[in-house]
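[1] Mind folding the following:
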Amino acid sequence: MKRWIIGICVAVALVMLSACVPRVTIESPEDGASFEEAAEITFSGRAADFQGGDIAGQALVWTSSLDGTIGGGKTIISDSLSVGTHTITLTATDAVGASSSDTITINIIAGSGDDGSNDNETGGDTDNETGDDNDTAVWQPAPGTSWQWQLTGTIDTSFDVDMYDIDLFDTPQSVIDRLHADGRIVICSFSAGSWEDWRDDADRFPDSVLGDTLDDWPDEKWLDIRQLDILGPLMQARLDVAVAKKCDGVEPDNVDGYTNSSGFPLSAADQLVFNRWLADQAHARGLSVGLKNDLDQVEELVSSFDWALNEQCFQYNECDLLLPFIEDGKAVFGVEYELDTDAFCSEAKAMDFDWLKKKYDLDATRESCR
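    Numbering: from 1, shown residues only. Predicted coordinates for the structure are as follows:
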């Protein structure tokens, strides 16, 4: 009986303690908001003690998961947050030392730094190149660009096409150099939204960012793209590899985790933040970047990406979702694995898509619609 009474007392005490901590609310900015680097951001919040008394001044502290303490008080303004995803916390402490907090997540995106003064100095065909943050030419292909996609086996460099899409890690430098000598654009593919257990950097991904296993890919796990403070440096390192290997652009794969059973409560907003961050990071390095699949977000992302790559939109009757890229003068590349060419090629050409018939293992075999 004594044990039972003590248990009740402890439970009541815990309830009373939880009722006595301050109530804290971050009012702005909105959770998940994105801002360009160096933008002035106003942070506003409010807090009250358990009796309803207002808490203000230095009893309110704002912190960032990336930059530490950023200010104190109900309202602060900051224009110096680091690029990346920040967990912003407002902590309130009342007169007796009890404290509690509220949190939001915001994303700071690298600014373009472009005042428009060099808009006519990008050089080359403006249909195929665009200026990036460093005023170097970024490849932006127009519809009608021929291409080959090969991710397995020894790369067959004999196809007379404008662009090759190949594996970033497995392709020898000599192959990339050969393709460049033949006048080809080289796009390097890597997974941005999944962990692959065979990659050299696999041990750099902590368990906290690893989610459920991908369907049909037992050696891959979805990544928690919300944790950009962890994933950001890892993806930046991969983009730096692409630069070092002289790739002209990148094809980040698995950038639609929010539509899959990832093991994390990923939202469409989370995916937009991550995908835009990838595009910004690629452009900052002079790399062209394509949007792989993620059809439901094409309208929001077409302005951030230079071209699109899709798998099986004709099989699933969803190709119309890719038309914003065509309307923006940007190429739409794609493949079908199961349909015969006579089931999709005529429609692909009518839509100005650049489509191939490929095998699932993406070896050298190809049939082109044009």
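
[2] CA only for contacts and neighbour counts going forward, please
    Noted.

[3] Helices of the protein, start to end?
    2-20, 173-181, 228-244, 268-284, 298-301, 323-327, 345-350 (DSSP state H).

[4] Would you mind finding the most buried of those?
    helix 268-284 (a mean of 22; mean count of other Cα atoms under 10 Å).

[5] per-domain residue ranges of the chain.
    For the chain, the structural domains run 22-109, 129-368, going by automatic domain parsing.

[6] Those domains: lowest mean pLDDT?
    Looking over the domains of the chain, mean pLDDT reaches its minimum on domain 22-109, with a mean of 86.

[7] got a list of contacts for stretch 211-225?
    With Cα atoms under 8 Å, 6 or more residues apart in numbering as the test, stretch 211-225 has contacts from 193-198, 209-210, 231, 257, 261-264, 266, 270-271, 274.

[8] Let's have the helices of the chain in TSV, adding distance to residue 70.
    Output for the helices of the chain, formatted as TSV (distance: least, Cα to Cα, whole Å):
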stretch	distance to residue 70
helix 2-20	27
helix 173-181	45
helix 228-244	17
helix 268-284	22
helix 298-301	31
helix 323-327	40
helix 345-350	52
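
[9] so which of those comes closest to residue 337?
    helix 345-350 (12.7 Å; Cα to Cα).

[10] just how off-centre is the closest one within its chain?
    Its chain's C-alpha centre and that of helix 345-350 lie 30 Å apart, by Cα atoms, centre = their mean, to the nearest Å.

[11] before we move on, what about stretch 95-114?
    Relative to its chain's centre, stretch 95-114 lies at 20 Å (Cα atoms, centre = their mean).

[12] Mind listing residues that contact that stretch?
    Identification of contacts with stretch 95-114 by Cα under 8 Å, 6+ apart yields 20-26, 30-38, 81-93, 132-133, 273, 277, 280-281.

[13] give me that answer again for 7 Å
    The contact list for stretch 95-114, computed with Cα atoms under 7 Å, 6 or more residues apart in numbering, reads 21-26, 31-37, 82-93, 133, 273, 277, 280.

[14] neighbours around residue 182, how many?
    Neighbourhood size, residue 182 [other Cα atoms under 10 Å]: 14.

[15] mind checking how far it is from residue 298?
    According to Cα to Cα, to the nearest Å, residue 182 and residue 298 sit 33 Å apart.

[16] for the closest residue to residue 85 other than its chain neighbours, which residues make a bridge with it?
    Spatial nearest neighbour of residue 85, excluding adjacent residues (Cα to Cα, 6 or more residues apart in numbering): residue 107 at 4.4 Å. Under DSSP bridges, the beta-bridge partners of residue 107 are residue 34, residue 85.

[17] For residue 107, the count of nearby residues, please.
    25.

[18] Chain neighbours aside, what residue packs nearest to residue 346?
    Leaving aside its sequence neighbours, residue 346 sits nearest to residue 369 (Cα to Cα, 6+ apart; 7.7 Å).

[19] Surely residue 66 and residue 86 touch.
    Yes - applying Cα atoms under 7 Å as the test, residue 66 and residue 86 come out as touching, 6.0 Å apart.

[20] Neighbour count: those two, which is higher?
    Neighbours per residue (other Cα under 10 Å) separate residue 66 from residue 86, with residue 86 holding more: 23 against 15.

[21] just checking, the more buried one touches residue 65?
    Yes - using Cα under 7 Å, residue 86 is in contact with residue 65, at 5.5 Å.

[22] Residue 201 and residue 231: what is the separation?
    Residue 201 is 12 Å from residue 231, by Cα to Cα.

[23] now residue 290
    Counting by Cα to Cα - residue 290 and residue 231 are separated by 19 Å.

[24] what about residue 203, neighbour count?
    For residue 203, using other Cα under 10 Å, the count is 11.

[25] what about it, distance to residue 172?
    Going from residue 203 to residue 172 by Cα to Cα gives 23 Å.

[26] picking that back up, can you tell me which of the contacts of stretch 211-225 are classed as buried?
    193-196, 209-210, 231, 257, 262-264, 266, 270-271, 274 (16 or more other Cα atoms under 10 Å).

[27] Taking those residues together, which two end up most distant?
    Checking the buried ones among the contacts of stretch 211-225 with Cα to Cα, the most distant pair is 196 and 270, at 21.2 Å.

[28] which residues sit in contact with residue 176?
    Residue 176 makes contact with residue 186, according to Cα under 7 Å, 6+ apart.

[29] typo on my end, residue 69
    Contacts of residue 69 (Cα under 7 Å, 6+ apart): 62-63.

[30] which residues does it bridge with?
    Residue 69 forms beta bridges with residue 63, as assigned by DSSP bridges.
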